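J.: sequence-free structure coming up:
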């Protein structure tokens, strides 16, 4: 899963973005559907699964640990026959997580609650990402993790038959860390509790409940949230209908917002209130964006989004407390801000620095190269838009980061001169159909 040969991509001025594309399934939910299906005893069926490299890495790892996972080519439904909680098998080879931080961190938690040893490896980008935030709580649960002094990949997790239940206060808002502890707590004898000051994505809690686990969330007097899982549940197979990914939908959505005359409909988009921050922000900026047909599917809120590219965007201040609901969307929001009139100020962005790349730095440098006036601090980005499309004409360094690559290709649909990204190959990890889909909608990406 390495990206040996760079594949530069260039985005030329589009004009209008029109259509109703099929957005792939939510990556976060797809990962969890595969993992939890593999832990339940019996067959779980999944429709709408995202088939990008990251999710396929999760599927490959769960196969190594005993699950049977296959796709019905006629219906595109995936069938996962699980081994039952506590019965994961010893993998015979290292678990290759590719570029997927979600796969790695959640599976470290899963392995922690089983009497097996697993070696975790990943690509160059993932191997730089911090895993100490998982290692520390797992150590409190009695789980040994062998790693280098930087606490990065490669590393080895020595799981326990009975991890020690703990109460753990998250030092940084992270759904991945929370999820890893909950998954380790599945096999603990007692209750495991995570305290989070800022609410993070709750896909793990929602889906564990769907599979039959008891997970309770209560707000404390100080405003923090306590999430408690009861150990040793019986996980029952079920059907998961994966909603369309709001992070993937963000790219055509912003393209439609910044290109005058656009008319875009996005259907069945996940609108979990811990993931919808970008859409609320675009509405605040004056985008002609409407959420319609809101409903509940497989325990998640979904809606259809209708966008008309006729708005004059204005700069706003995006509050720091919105960051957990849109942390992955700040690079693409920055492209909208670059086209808005006035100053957009984004706060609470420190977590961007430990994603697939230092996304804050990469966004800032790319915008500057495209002629956008902006400033950056350790945890904020300020963009001064003129209300007109930026100059563009730059070659953007992506540092193997799929979201940086896609964001600047979207900016290139409106800039005065084409925008090139140095390597578009990592886009396959999360959005394999991105280029073909955008071109069908009216973009010109080659």
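T.: Arrived safely, thanks for sending. The model shown is predicted, which means the values in this text are computed figures rather than measured ones. Numbers count the residues shown, from 1 in each chain.
J.: show me the contacts for the closest residue to residue 145 other than its chain neighbours.
T.: In this structure, residue 145 finds its nearest non-sequential neighbour in residue 135, 4.5 Å apart by C-beta to C-beta, 6 or more residues apart in numbering. From N, CA and C alone the C-beta is placed, and that goes for glycine too. For residue 135, the contacting residues are 145, 147, 151, 155, by C-beta atoms under 8 Å, 6 or more residues apart in numbering.
J.: between those, which sits nearest residue 48?
T.: Using C-beta to C-beta, residue 155 comes nearest to residue 48 of these, at 32.2 Å.
J.: nearest residue to that closest one other than its sequence neighbours?
T.: In space, and not counting its chain neighbours, residue 155 is closest to residue 147: 3.7 Å by C-beta to C-beta, 6+ apart.
J.: now swap in residue 67 and tell me
T.: residue 38 (3.5 Å).
J.: how far does the helix or strand encompassing the one you found sit from its chain's centre?
T.: In the assignment (DSSP states H and E), residue 38 maps to helix 27-39. The chain centre lies 13 Å from the centre of helix 27-39; the measure is C-alpha atoms, centre = their mean, to the nearest Å.
J.: for stretch 262-270, same thing?
T.: Its chain's C-alpha centre and that of stretch 262-270 lie 19 Å apart, by C-alpha atoms, centre = their mean.
J.: can you give me the strands in the stretch 101-250 of the chain?
T.: In the stretch 101-250 of the chain, the strands defined using DSSP state E, counting those that start in this stretch lie at 117-121, 144-146, 155-158, 167-169, 191-196, 215-219, 225-230, 239-241.
J.: out of those, flag the one nearest residue 405.
T.: Closest approach to residue 405 among those is made by strand 117-121 (23.4 Å; C-beta to C-beta).
J.: if you average the pLDDT over the helix holding residue 38, what comes out?
T.: Helix 27-39 carries an average pLDDT of 96.
J.: which helix or strand contains the nearest residue to residue 353 once chain neighbours are set aside?
T.: Nearest residue to residue 353 in three dimensions, chain neighbours excluded: residue 360, at 5.5 Å (C-beta to C-beta, 6+ apart). Element membership for residue 360 (DSSP H and E) is helix 359-369.
J.: and the nearest residue to residue 310 once chain neighbours are set aside, how many neighbours?
T.: Among residues not flanking residue 310 along the chain, residue 288 sits closest, at 5.6 Å (C-beta to C-beta, 6+ apart). Residue 288: 16 surrounding residues under other C-beta atoms under 10 Å.
J.: these two touch, right, the residue nearest to residue 353 and residue 348?
T.: No. The criterion here is C-beta atoms under 8 Å, and residue 360 misses it with residue 348 at 11.0 Å.
J.: okay, now the unreliable bits of the protein?
T.: Within the chain, the segments meeting pLDDT under 70 span 1-4.
J.: so which residues of it form helices?
T.: Along the chain, the segments classed as helices by DSSP state H run 27-39, 53-64, 101-112, 132-140, 175-185, 203-210, 246-258, 277-284, 330-339, 359-369, 402-411, 434-441.
J.: any idea which of those gets closest to residue 91?
T.: So among these, helix 53-64 is nearest, using C-beta to C-beta, at 4.1 Å.
J.: follow-up on the earlier one: correct me, but the residue nearest to residue 155 touches residue 157?
T.: No. Using C-beta under 8 Å as the test, residue 147 is too far from residue 157 to be in contact (9.3 Å).
J.: the more surrounded of these two?
T.: The neighbour count for residue 147 versus residue 157, taken as other C-beta under 10 Å, is higher for residue 157 (28 against 16).
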